[in-house]
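Q: have a look at this prediction, sequence included:
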Amino acid sequence: MQAFRRTGSKLVKELITWTAPRYSPGTSGGYLLHPLQRSSWTPLWKSSAAFCQSPQFKDYGVPNPSWSQEMVDQFEKYMALSKDGTWSKIPNRNHFMDIIPESLRGQFKERKLKNSRYLVRCVDAEGLGFEYVAFFNASEKRMVSLFQPGPYLEGPTGLVHGGAVAAILDTTFGGCALFSAGKILTANLNINYKSPIPLGSVVLMDTKVDRTEGRKLYLTGHVQSVDGQTLYAEATSKSSGLSEEGGTFCSIRGQEDYKRMVCKRDPKRAKRTFIQMSRWLSFCSLELYPSASWLSRDGVETCPQPG
């Protein structure tokens, strides 16, 4: 019986291990998804089921008719580098929960809205918004994103809005932090814009982990043309992780409601969570508002009453 259980467990893990799309000339567009094929790359998050593997979740990070030839060429370049496992293609989904490791999804299920959408996947039509694909190098703790901005991302006429550049940079930094060290919260993002990005051009966003200090992860990155001749932006980022208690304590707006909810259930856990919340906000250079006095000085929990 024990041997049967071990075999069954191994089979399940084999079925849910994700791998990148592979080239298949006989299919439409030349790319075929193999969601059940085992990948040679093991995510650093130490989870055998890092991604949601159901075929119903479409991967948008594959060539479509809106991609320029330059975008396709760069995609094929990194797909070739992925053959030996050095680089791995990251799925491009409509929802954040479909990208992050399964061990973290439970912390977000209650907050997920029915009609929500991941910001960089907010436009359904191909070629109008964020056309991008990301690749991760585990040994170098480095992530690159190929980005082709559509006309809906316009700022100054003919140029990409700076906020759109920040959004895709934050996404790339976040992915790098997530797959390098399990950090999913951006605490700080600094961008120095060097040159405007023309709409429809193809740019490379290159990010990597610079150093780690405790729970803090420092990253550096830049945005450049694929030929390396034009530097569009330089950036730095600082990321942190969630506590073992859960991620909801980092929502400043929901502090009071969360404290009341937890207090009714478990005062001791409420106190622990509050302490963790204080540390996280301190790390982010934020301050708790006056209602933080709900903890008594003698260490006895004095949970506020609803109302």
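A: Noted; the coordinates are in hand.
Q: so what's Asn137 closest to, chain neighbours aside?
A: Nearest residue to Asn137, sequence neighbours excluded (CB to CB, 6 or more residues apart in numbering): Trp87, at 5.3 Å. From N, CA and C alone the C-beta is placed, and that goes for glycine too.
Q: what's the spacing between that neighbour and Val72?
A: According to CB to CB, to the nearest Å, Trp87 stands 17 Å off from Val72.
Q: do Ala134 as well
A: Here the criterion is CB to CB. By it, Ala134 lies 16 Å from Val72.
Q: neighbour-wise, which of these two wins?
A: For Ala134 and Val72, the more surrounded residue by other CB atoms under 10 Å is Ala134, and the numbers stand at 25 against 16.
Q: contacts for stretch 140-148 next, please.
A: In this structure, residues lying in contact with stretch 140-148 by CB atoms under 8 Å, 6 or more residues apart in numbering are 66-68, 71, 74-75, 78, 90, 127, 130-137, 168, 171-172, 175-176, 179-181, 200-209, 226.
Q: can we see that at 6 Å?
A: Surrounding stretch 140-148, the residues in contact under the criterion CB atoms under 6 Å, 6 or more residues apart in numbering are 71, 74, 131-136, 168, 172, 175-176, 180, 202-203, 205-209.
Q: list the residues that contact His222.
A: Under the contact definition (CB under 6 Å, 6+ apart), the residues listed for His222 are 206, 234.
Q: which strand residues bridge it?
A: Beta-bridge partners for His222, by DSSP bridges, are Asp206, Glu234.
Q: any idea how far Arg121 is from it?
A: In terms of CB to CB, His222 sits 24 Å off from Arg121.
Q: same question for Gly163.
A: According to CB to CB, Gly163 and Arg121 sit 16 Å apart.
Q: between those two, which is the more surrounded one?
A: More neighbours surround Arg121 than the other of Gly163 and Arg121, with 19 against 9 (other CB under 10 Å).
Q: can you report phi and psi for the more buried one?
A: When quoted as degrees, to the nearest 10, the phi and psi of Arg121 stand at phi -120, psi 30.
Q: quick one: the strands in this structure, in order.
A: Counting by DSSP state E, the segments of the chain that form strands are 22-23, 31-32, 88-90, 130-137, 142-149, 185-193, 203-213, 216-225, 231-240.
Q: okay, those in TSV with distance to Pro156 and mean pLDDT next?
A: What follows is the strands of the chain, written out as TSV (distance: least, CB to CB, whole Å; pLDDT from 0 to 100):
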stretch	distance to Pro156	mean pLDDT
strand 22-23	38	39
strand 31-32	34	38
strand 88-90	31	87
strand 130-137	18	91
strand 142-149	13	94
strand 185-193	12	89
strand 203-213	16	92
strand 216-225	17	93
strand 231-240	14	91
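Q: which regions of the protein sit below the pLDDT cut-off?
A: Across the chain, the ranges flagged by pLDDT under 70 are 1-57, 94-114, 116-119, 183-184, 241-307.
Q: how is it partitioned into domains?
A: The record's domain split for the chain, according to automatic domain parsing, is 12-240, 248-294.
Q: would you convert the strands of the chain into TSV that also reports distance to Gly158?
A: Putting those into TSV (distance: least, CB to CB, whole Å) gives the following:
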stretch	distance to Gly158
strand 22-23	34
strand 31-32	31
strand 88-90	30
strand 130-137	17
strand 142-149	11
strand 185-193	16
strand 203-213	15
strand 216-225	16
strand 231-240	15
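Q: nearest to Val62, of those strands?
A: The stretch from those with the least distance to Val62 (CB to CB) is strand 31-32; that distance is 4.7 Å.
Q: could you show me where the helices are in this structure, in order?
A: Assigned by DSSP state H, the chain shows helices spanning 2-16, 69-81, 102-105, 162-181, 255-265, 267-283.
Q: and Lys238, how far from Val223?
A: Taken as CB to CB, the span from Lys238 to Val223 is 18 Å.
Q: the two: which is more packed in?
A: The residue with more neighbours, out of Lys238 and Val223, is Val223; 26 against 22, by other CB under 10 Å.
Q: what's the separation between that one and Ala80?
A: Remark: distance between Val223 and Ala80 (CB to CB) = 23 Å.
Q: what about the closest residue to Cys176 other than its chain neighbours, how many neighbours?
A: Once flanking residues are discounted, Cys176 sits nearest to Met143: 3.8 Å by CB to CB, 6+ apart. The local packing count at Met143 equals 30, with neighbours defined by other CB under 10 Å.
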